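Enquirer: Here's a sequence, model it:
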Amino acid sequence: MFLARGPGVSFFFRAIRRLLLTALLVVLPAVTALALSVATVTRPDTDSLILQFSRRGAYPTITRSGPVEISLAFPPGSLAGEPPPGAVDFQSSRLLEGVRIEGDTVIVRLKSDGFGFVGWPEGEQGLKLQVYRDPAGANWSPGAAGAVPSTTWPPADAAPKPASSLTLPVTPPNNTPGPLELPPLPPTLATASPPAAPAADKDGGPAKEPFYAVPYSMRATALNVGPEKSPVLRPAGFDAAPVRQQAAGPGGPGAGTVPASGSGELRQPVKLPPIPPEIASGEKRSPVTPPGTGPQPVAAPPPSDPAAAATPAVAANAPPPAKEEDHDANALVAAQAERLAGNLGAAQTMMTDLARKPGLKPEVREETLHSLAGVLVDAHKDDPIGHYDAIQRALNEAINVNPNSYRIPEALLQLGMLNLRVGNIPEAKGYFNVLTRKYPTDANVPMVNFAWGEYYFDRGDYKKASEEYQNLVEKFPESKFVREGAMGLAKTLVRLGRYKEAAQIADYIDKRWPRYYIDFPQILRITGDIAYKNGDFKKARDSYMLFYNMEPDVKDADLVLARLGDIYARLGNKAGAVDFYNLAIKDYPDSEGGLVAKMRLAEQGVHDQPTITEMFSLFDKPQYGSPEEIYSGIIRDHPQSPLAPLAQLKLAMWLLHQQNYPGSLKQAAAYLERYPKSELAPKAEEVAITAFEKMAADMLAHKDYDRLIQAYKDNRLISANRGMLSDTTRLGLALAYLRTGKTREALAEALPYVGPKETDNGNWALTMAMSVYQNERTWGDIVELARKVQGWRFSPSQRRGLEYLVAEALENLGDSERALKLWNKMAGDRQLEAEKRCYALYFVAKEAMAKKEWEKAQLYAGEAAFMFQETGRDADKRKAAVNILVESTRAQGEYAKALKHAAEYAALCKEGDDDWAGNRMRMAAIQRAMGDVDGWRATLTAMRDAAPDSLYGRMAASDLAASGLQNRLDALTLGK
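Expert: This next block holds a predicted model:
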């Protein structure tokens, strides 16, 4: 083996040379080399020349044979007849210029005299010569160490350099992934930092409704015993104060209550009135048959009207029968008979004529006026606004005829309900307050809660409606209106989605009033809805079928048919389901039920909990009509339908499937705006997020960063749920912010990924953040971020880059002491990019200059100046490095070099400015120190003549004048 070196070879190569030489000389025999080939490898600071032979050959003696020349001398005859190597392109090489063969010697020519070199075997048939920049190599001269060919190892004249000679250090390469190798960083820096990223989004929606519980003890035991053994059950009353302590366990304090979701309070369960024992056993209902297959629909009496229920029966409240000669009383009875017969117009005429009759007895007048007001209420119940004045005037006249009448509470109730129906809420509250305050025990008081319940229910405020119905049931368990209150509570709980509680109420109604469905068939519809939602499909089927058989032309018959189709589908009877769907479409093609049936046929089943994957598979092969038309029809024509939210969600999914991402996002946002508390809300959020991510990916692919940011800002749903976005989308959003100059927003999106452990996303975010901080020169943020990630496992190249940024940041923060530890390491790192290493060399040179370590300053500044020139980086730093060269060589008395570097410095200055003029003065001083008086005088004379009025021109003139005076004094002295 051989090791050859130039004057600047590192200690590392000198140390290993002796260890490997002898063994390789024994192993490698001398064989003639044939077919010589040449290749080069260029790195930032080194060039390698690789010579390859066709078989084993002898190895040369390597010496520097000229200022820009290295000779590789092979044993005689080794290269005899060897054709010259093929053409090699050395244009990309920093140091190598060419190769030629002269006899048994390969001559390598360099581009600069500032170099060092080392060589070693490359396998068994190759040789590698590595050349690196070394400013000390410029001091080479013939006859110096390394100039004479060396044939023994180590060379006999290879005396060690004097202790004062320096070479550039070599930082041992660390190619193992690992943490940053930083000095102890300073305490947390009080510098402006980017705003902290918002906390990860969490579910913080409104609290759910408290669970509604009906104590089972209210009904169970009363169903299996006779009247004589049936216990009398009474409600425990209603405690208005909230319960503050949760139940400790079964039977403990607060037993029977369940904590409200998201609330610290507990709700008292509703206290249902007792079921009379004599009817507790219930009655069996008639069997159910599908429409068209059984007897004709049962003719049922019309549903009871709450307003009519509020008016007591005339027969029960009428005065005692009039005597035969009491014609006025007889006329009143006749008018009331007309009212009972439904002839409201005739009754109104008869009562109006009777009320105008003079001399009417007070009790008959009172009865007449109240009856007339009742007739007006009944006659105009469908248009109270159009007859508001007439009805209110009649009720007020009835009240004023006898303020102490037992009929006053009923009139107050009617006035309150009238104003409530026409929207005069303050007036309605006023009448209801008078009724409940002055007549708290009157039988009409429970109707106040019922009226408010109906009012809130009709306006979709189901929570308040349920409270009013519940108050009626709990506060007035013995009222004749408790049945209507319980029914209202059941239908409201259905709208609230609290089906288990609604089932308890419906069960209570069914057992206490088993034939209520005859008077009010809608209870069957409610019972069917509850059973369906609770998964009891057979019970739901029976309830719906009985409801349809009783009233096939009822308003909701279309929905009942569609729901029956759903039930048969869930029970596995697909043929029956299709029959019901087709019946709904045939009889009600444009109604909600018909549209729902079309939706079911198009989707080939019931999909009330849709997912994106499930619906996409259905959309690929629609069977009936356009899904978009069906969904849009339900939303447009039946916005209050319970199925409207489902259609809204499916429309968003359909648009997503059609790749209409903006439309899908719009529909999903509309769903969440209309139905924020729906159980399907999470699915709508998923659709919205998916649509936005698809849209964002397309915009990122086309680099449409402005539109992406605008879409993000325009959709509050997305920004409010950004924690649901994928990492790819959030980092893409960060990139969009970065590309549009919104660096603070970019950091807010990216920095959350910079965590305790390294990840691919974290590395991307770290790189982006460091780039932003460097561009914005927020050096403190760089140090803080480096402190956060110091323990990550970085690749060697990543580690070099980050350590460079930290050194730069510390230097700019004025912490040069810590920065210097990193600069020293990077100055010797030959694998660091030259664009960065030049700064490390410069700062080390600057520190050496401050310590008056002239030789070290010269060495590092020379390499830094060369790299700044090679890379074209930082003209000011290059100029400063050359300045260090001037001063360091001048301080060492190397005036020729100092003058040479001063001339180089002058080339970097603009002629006429202060730097240029000051450097010329310095050049003159160096010339004088060298004894070149003529050169000194010429330099000063040129300065004086070029700018006689400038500061430096006057200084030059002054120096020349002083020199002339000194010469004359010397002449006079010598003359004596």
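Enquirer: What does the pLDDT read for T257?
Expert: Here the pLDDT value assigned to T257 is 34.
Enquirer: Next: N775.
Expert: 93.
Enquirer: burial measure for it, as a count.
Expert: 9 (other CB atoms under 10 Å). Glycine gets a C-beta too; all of them are placed from N, C-alpha and C.
Enquirer: Tell me the spacing between it and T743.
Expert: Note on N775: its distance to T743, by CB to CB, to the nearest Å, is 8 Å.
Enquirer: how far out from the middle of the chain is stretch 720-730?
Expert: 3 Å (CA atoms, centre = their mean, to the nearest Å).
Enquirer: Any buried residues in that stretch, and which?
Expert: By neighbour count on 16 or more other CB atoms under 10 Å, the buried set for stretch 720-730 is N721, R722, M724, L725, T729, R730.
Enquirer: what distance separates the start and the end of it?
Expert: End-to-end distance of stretch 720-730 (CA to CA, to the nearest Å): 13 Å.
Enquirer: Same question for stretch 542-558.
Expert: Termini of stretch 542-558 sit 17 Å apart (CA to CA).
Enquirer: Can you mark which positions in that stretch are buried?
Expert: In stretch 542-558, counting by 16+ other CB under 10 Å, buried: 542-551, 554, 556-558.
Enquirer: still on that earlier bit, which neighbours do N775 and T743 share?
Expert: In terms of CB atoms under 8 Å, 6 or more residues apart in numbering, N775 and T743 are not both contacted by any residue.
Enquirer: where does the stretch 301-450 of the chain dip in pLDDT?
Expert: Within the stretch 301-450 of the chain, the stretches with pLDDT under 70 are 301-325.
Enquirer: how many other residues sit next to Y588?
Expert: Neighbours of Y588 (other CB under 10 Å): 19.
Enquirer: contacting residues around the nearest residue to it once chain neighbours are set aside?
Expert: In space, and not counting its chain neighbours, Y588 is closest to D558: 3.6 Å by CB to CB, 6 or more residues apart in numbering. Going by CB under 8 Å, 6+ apart, D558 touches A584, D587, Y588, S591, E592, G593, G594.
Enquirer: Closest one of these to E863?
Expert: Nearest to E863 out of the contacts of D558 is E592 (CB to CB; 84.5 Å).
Enquirer: ok, now how distant is the closest residue to that closest one other than its chain neighbours from A875?
Expert: Counting by CB to CB, 6+ apart, H638 is the residue found nearest to E592 once chain neighbours are left out, at 4.1 Å. H638 sits 75 Å away from A875, going by CB to CB.
Enquirer: Same drill for the two, tell me which one is more crowded.
Expert: For H638 and A875, the more surrounded residue by other CB under 10 Å is H638, and the numbers stand at 18 against 11.
Enquirer: Might one say that that one is in contact with G594?
Expert: No. H638 is not in contact with G594 according to CB atoms under 8 Å; the separation is 10.5 Å.
Enquirer: measure the most centrally placed residue in the chain to T46 for me?
Expert: With distances taken as CA atoms, centre = their mean, the residue of the chain nearest its centroid is R722 (2.6 Å). Distance, R722 to T46, by CB to CB: 49 Å.
Enquirer: Same check on I709?
Expert: 46 Å.
Enquirer: With E467 instead?
Expert: 85 Å.
Enquirer: Looking at the two, which is more packed in?
Expert: Looking at E467 and T46 with other CB under 10 Å, you find the greater number of neighbours at T46, namely 19 against 16.
Enquirer: TSV please, covering the contacts of D558 and showing pLDDT.
Expert: Putting the contacts of D558 into TSV (pLDDT from 0 to 100) gives the following:
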residue	pLDDT
A584	88
D587	87
Y588	86
S591	82
E592	82
G593	85
G594	84
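Enquirer: From the residues you listed, pick the one nearest A917.
Expert: For those, the nearest to A917 is E592 (94.2 Å; CB to CB).
Enquirer: surely the closest one meets I630?
Expert: No. Checked against CB under 8 Å, the pair E592 and I630 is beyond contact range at 11.2 Å.
Enquirer: between the two, which one's more packed in?
Expert: Neighbours per residue, other CB under 10 Å: of E592 and I630, the larger number sits with I630, 26 against 23.
Enquirer: how about the more buried one, what does it touch?
Expert: I630 touches L595, K598, M599, A602, A647, counting by CB under 8 Å, 6+ apart.
Enquirer: Helix or strand for it, just tell me which one.
Expert: According to DSSP states H and E, I630 maps onto helix 627-637.
Enquirer: tell me which residues of that helix are tucked away?
Expert: Within helix 627-637, the residues that count as buried by 16+ other CB under 10 Å are P627, E628, I630, Y631, S632, G633, I634, I635.
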